[in-house]
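Asker: Sequence below, structure please.
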Amino acid sequence: MRILLFGKNGQVGWELQRSLAPLGELVALDADSRELCGDFTDPDGLIQTIRAVAPDVIVNAAAHTAVDKAESEPELARTINALAPGVLAQEAKRGNAWLIHYSTDYVFDGSGNQPWRETDATAPLSVYGKTKLEGEQLIRQSGCKHLIFRTSWVYGTRGGNFAKTMLRLAQERDSLAVVNDQVGAPTGADLLADVTAHAIRAARPELSGLYHLAAAGETSWYGYASFVIDFARRAGVPLKTTPDAIQAAPSSDFSLPACRPLNSRLDTAKLQSTFGLTLPVWQNGVTHMLTEILDKQP
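Answerer: Residues are numbered from 1 along each chain as shown. Reported below is the predicted structural model:
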């Protein structure tokens, strides 16, 4: 099996290099790759790359994920999140390859408190959400064999993430205010990568489609921050922020360019039943990530 991976240096792409390597020959690219094109603003280059590699599976972990910045550069966000995946899909169809793609809970408006199902109506609130939804639609319209995984609150041990930010701020400040009215499930890039590898092994044309993929359970950003800081305190990390100095705050207290969905819960029953999986609770992955982070600290 020959696999072509785009976005190799992102949080998910980094983990995918590990999980996909045992499946066959892996060609991994990012936007700066020289010999082959991984630049999502260069559609002709992408076409040439795919035709040169002739992959059995294309995995797209590249995206414009700067949610607030996307509001001021909608055309660039659309190029990367929608038009480029559309090109990948057309080439996957042409070469009879599978396309694996990642999308987001931001395609929903965040209303209610029930986990979103794949069949629920979409209504994105932001440029990021709108462009990711268009990417999904272009992939489906192409007729290629595809697996689209919608996920939420992704983190990885590599690069920046919410937990690392909370740890830093808790060491610097006497108190923190954290959003408590947005609810979802922190989902590790390693979990996404492992499920992707499992799904590729099991893939059959009749399984082509859209799946929700997130860790089990739910929390708010406030609950997430409290978990992280409590873990660090019990691990002996010196913190200035005391447990009672973490304040729960509504989203309205924070002025940001992009509107966030309040309800980011995703119903993963379809994924679990189709691929015979049981997804771990979010605390497991966060604990693993924190252990790795703290072990690296001096």
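
Asker: distance of Trp61 from Tyr102?
Answerer: Quick fix: residue 61 reads Ala, not Trp. 6 Å (CB to CB, to the nearest Å). Placement of C-beta: from N, CA and C, glycine included.

Asker: Quick check: neighbours shared by the two?
Answerer: Listed as contacting both Ala61 and Tyr102 by CB atoms under 8 Å, 6 or more residues apart in numbering are Val12.

Asker: Any stretches of the protein with poor pLDDT?
Answerer: Residues of the chain that meet the criterion pLDDT under 70 lie in 297-298.

Asker: try it again with 90
Answerer: Along the chain, the parts satisfying pLDDT under 90 run over 34-35, 157-160, 242-244, 254-255, 293-298.

Asker: number of nearby residues for Arg140?
Answerer: Residue neighbour count, defined by other CB atoms under 10 Å, stands at 15 for Arg140.

Asker: hang on, I meant Arg2
Answerer: 15.

Asker: Report the beta-bridge partners for it.
Answerer: Glu25 (DSSP bridges).

Asker: Spit out the contact partners of it.
Answerer: Counting by CB under 8 Å, 6+ apart, Arg2 has contacts 24-25, 27, 53-57.

Asker: Equivalent analysis for Leu213, please.
Answerer: 149-151, 187, 192, 195, 266, 268, 271, 279.

Asker: In helices only, show me the contacts of Arg2.
Answerer: Secondary structure from DSSP state H places Val53 of the contacts of Arg2 in helices.

Asker: Of the contacts of Arg2 - the most surrounded one?
Answerer: Pro55 (25 neighbours).

Asker: I'd guessed that one sits against Leu5; true?
Answerer: No. With contact defined as CB atoms under 8 Å, Pro55 does not count as touching Leu5 (9.1 Å).

Asker: if I look at the two, which residues touch both of them?
Answerer: Shared contacts of Pro55 and Leu5, counting by CB under 8 Å, 6+ apart, come down to Val27.

Asker: Give me the three-state assignment for the closest residue to Ile229 other than its chain neighbours.
Answerer: Of all residues not flanking Ile229 in the chain, Ala170 sits nearest, at 5.0 Å (CB to CB, 6 or more residues apart in numbering). Ala170 carries the three-state label helix when classified by DSSP: H, G, I helix; E, B strand; the rest coil.

Asker: gap between Ala170 and Ile293?
Answerer: Using CB to CB, Ala170 is found at 13 Å from Ile293.

Asker: Among these two, which residue is more densely surrounded?
Answerer: Neighbours around Ala170 and Ile293, counted as other CB under 10 Å, are more numerous at Ala170. The numbers are 24 against 16.

Asker: which residues touch the more buried one?
Answerer: Here Ala170 is in contact with 176, 229, 232, 239-241 (CB under 8 Å, 6+ apart).

Asker: Just among these, which is most surrounded?
Answerer: Counting by other CB under 10 Å, top hit in those: Ile229 with 25 neighbours.

Asker: Quick check: it vs Leu125, distance?
Answerer: Distance, Ile229 to Leu125, using CB to CB: 29 Å.

Asker: Repeat that for Val57.
Answerer: 32 Å.

Asker: next one: Gln137
Answerer: In terms of CB to CB, Gln137 sits 17 Å off from Leu125.

Asker: ok, now Val87?
Answerer: According to CB to CB, Val87 stands 26 Å off from Leu125.

Asker: And the contacts of stretch 62-80?
Answerer: Residues outside stretch 62-80 that contact it (CB under 8 Å, 6+ apart): 6-7, 10, 13, 30-31, 38, 40-41, 81, 84, 102, 106, 126-128, 131-132, 134, 256-258, 260.

Asker: Restricted to helices, list those residues.
Answerer: Using DSSP H, these in helices are 13, 84, 127-128, 131-132, 134.

Asker: just the residues you listed now: which is nearest Tyr222?
Answerer: Among the ones in helices among the contacts of stretch 62-80, Tyr128 lies closest to Tyr222 (CB to CB), at 22.5 Å.
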